[in-house]
Every structure is written in structure tokens, then in C-alpha cells.
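> Just the structure for this:
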Amino acid sequence: MAAQPFRSAIRLGRPALMLLDAGGGTLREMPLEGRTLDEAYTWMTIEVEALLGRPLTQPLERSEGLPDYPVSSGAPFSLGGSAAPLELERYYADADRLLRALRDANPEASPVRCWPHHFDLATLLRLDPDGNSEEARSIGAGLSPGDGTFAEPYFYILPWPRPAGELPKLDGGRWYTQDWIGAVLEATEFTSGNSNGAQRERIERFLTSAVAACRGLLREPNLE
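Numbers count the residues shown, from 1 in each chain. The predicted structure is shown next:
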């Protein structure tokens with residue numbers, strides 16, 4: 001049996017694992033409510049092998065260091081009618097539109113991707129496309145759903161290599177300088193008391209000003 005092209009996905013609004021064809025159509029789907037992580041991995045293995053037409057050469061890689069949460073210890077996913085998945089879906093959908101617009105305005109930017117190690121939605125502006133990945137200048141732009149640094153969704157702009165010296169003023173948001181250096185706009189900063197249009201404009205101003213600030217920083221010789 002010939003392999004069938006596919007890609008994996010997670011649906012947030014009505015949480016499910018999905019396998020999609022090249023055009024985004026659903027090939028396979030498993031709702032997560034009431035299922036465990038072990039069941040999810042088993043389902044994914046079976047369905048991926050069916051689409052490949054052969055057994056996997058090694059087991060699916062599992063994430064390490066998951067937070068201490070019942071699901072990571074074997075409990076089933078249980079949403080209990082929570083509105084959180086739909087709200088998170090809106091964050092990702094809005095961020096996708098904003099980041100695609102940012103990519104269109106910056107031709108060196110990569111496609112917008114969801115990165116599985118942090119589940120952030122992001123694009124990378126490669127200022128030195130042919131340079132060594134550890135030394136080449138770049139600017140990461142994305143949305144994090146929240147992590148150990150910030151407990152709420154936030155937009156970020158990250159310059160690389162790490163800049164040193166004075167950081168320029170931003171149009172919204174602030175610079176984070178503890179474990180890493182980057183411009184950050186937290187959800188509470190753009191959702192409080194604003195209409196949807198005003199929220200979008202505030203995020204757009206932040207993204208535009210932060211990317212410009214990072215370009216300026218990376219043109220300077222004061223890099224660590």
C-alpha cells in the first residue's frame with residue numbers, strides 16, 4: 001500500500017487529535033475528552049502506520065518534563081464544559097492572521113508554524129539566511145499560550161544573537177530581560193477594556209515597533 005501524505009494537528013475548540021491531508025482535509029480524528037495520553041499515543045501510532053502503509057521504525061517520541069498535572073499522570077482529559085478551549089482557539093486564530101500579515105511585510109520571514117516543544121505559533125525572520133544557525137541574526141515573532149515565565153498568552157519578539165546595551169522604546173508592551181531578552185505584550189495589556197478592532201491595532205503597533213527595534217539592535221555591534 002502506498003503511503004498517503006499527511007500532517008498532524010490539534011483542534012482546540014473541540015479538542016481532538018487530527019491527521020490532515022495536503023489540502024487541510026480531515027483524514028483521521030480522535031476527540032480527546034475522556035481519553036488518556038497513552039490512548040492518544042496508541043491511536044496516533046495506529047493511524048500513522050495505516051497512512052504510511054508500514055510500521056514505524058521507532059516509537060513516537062514523548063515530551064519530557066510535562067507539568068505536574070493529572071493528565072500527565074494518567075488521568076483522562078476532562079474539560080467539564082469549560083470555555084477555555086474555545087477562547088484559546090480564538091487566540092491562535094487571531095494570532096495566525098496577525099503573524100501572516102507580519103510575514104507578508106517581511107519577505108525574509110518563514111511560514112507561520114506551531115512549534116511542538118512550546119506550542120507557540122511563530123515565524124522567524126532570517127536576517128542572515130545563509131549563516132550558521134547559532135550565529136546568524138534572526139528575529140522570532142510569535143504568540144505563546146502561556147508558560148513558566150508568563151501565566152497568560154503573550155506576543156513576543158526575540159532578537160538573536162542576544163543584544164547588549166540600552167533597549168529602545170516600544171509602542172506597547174515591554175522588554176523582558178531576565179532569562180532571555182525580548183519584547184513582550186501580555187494578554188491583559190491588549191484585552192482590558194478594548195474593542196476587537198482596538199485590540200488588533202494595539203497588537204499590530206507592538207509587533208511593528210518591536211520588529212523595527214530588533215532590526216536596529218541587530219545592526220549594532222553590541223551583541224553578546
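
> can you pull the pLDDT of the residue most central in space within the chain?
Nearest to the mean C-alpha position of the chain, by C-alpha atoms, centre = their mean, lies Asp120 at 1.7 Å. Looking at Asp120, its pLDDT stands at 94.

> That one bridge partners, please.
When bridges are called by DSSP bridges, Asp120 pairs up with Trp115.

> can you pull the contacts of it?
Cys114, Gly142, Leu143, Ser144, Pro145, Tyr156 (C-beta atoms under 8 Å, 6 or more residues apart in numbering). Quick note: C-beta positions are derived from backbone N, CA and C, even for glycine.

> Can you classify the last one as helix, strand or coil?
Yep, that's Tyr156 we're talking about. strand (DSSP: H, G, I helix; E, B strand; the rest coil).

> Spell out which residues make up each domain of this structure.
Annotated domains of the chain cover 7-73, 84-219 [automatic domain parsing].

> most packed of those?
domain 84-219 (a mean of 16; mean count of other C-beta atoms under 10 Å).

> Walking through this protein, point out its strands one by one.
Using DSSP state E, the strands of the chain run over 7-11, 16-20, 26-31, 113-115, 120-126, 138-144, 154-160, 174-176, 182-186.

> Looking at the ones you listed, spot the one closest to Arg90.
Nearest to Arg90, of all these, is strand 138-144, at 11.4 Å by C-beta to C-beta.

> So which residues of this protein form helices?
Assigned by DSSP state H, the helices in the chain fall at 37-52, 84-105, 187-191, 196-219.

> Export these as a markdown table, with columns for mean pLDDT and distance to Arg14.
Listed next are the helices of the chain as a markdown table, based on pLDDT from 0 to 100; distance: least, C-beta to C-beta, whole Å:
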| stretch | mean pLDDT | distance to Arg14 |
| --- | --- | --- |
| helix 37-52 | 96 | 15 |
| helix 84-105 | 95 | 7 |
| helix 187-191 | 91 | 22 |
| helix 196-219 | 93 | 23 |
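
> looking at those, which is closest to Arg62?
Comparison of these against Arg62 by C-beta to C-beta identifies helix 37-52 as nearest, at 7.0 Å.

> Any chance you could list what contacts that closest one?
Helix 37-52 is contacted from outside by 3-4, 6, 8, 17, 19, 27-28, 30, 32, 35, 55-56, 59-60, 62, 71-72, 74, using C-beta under 8 Å, 6+ apart.
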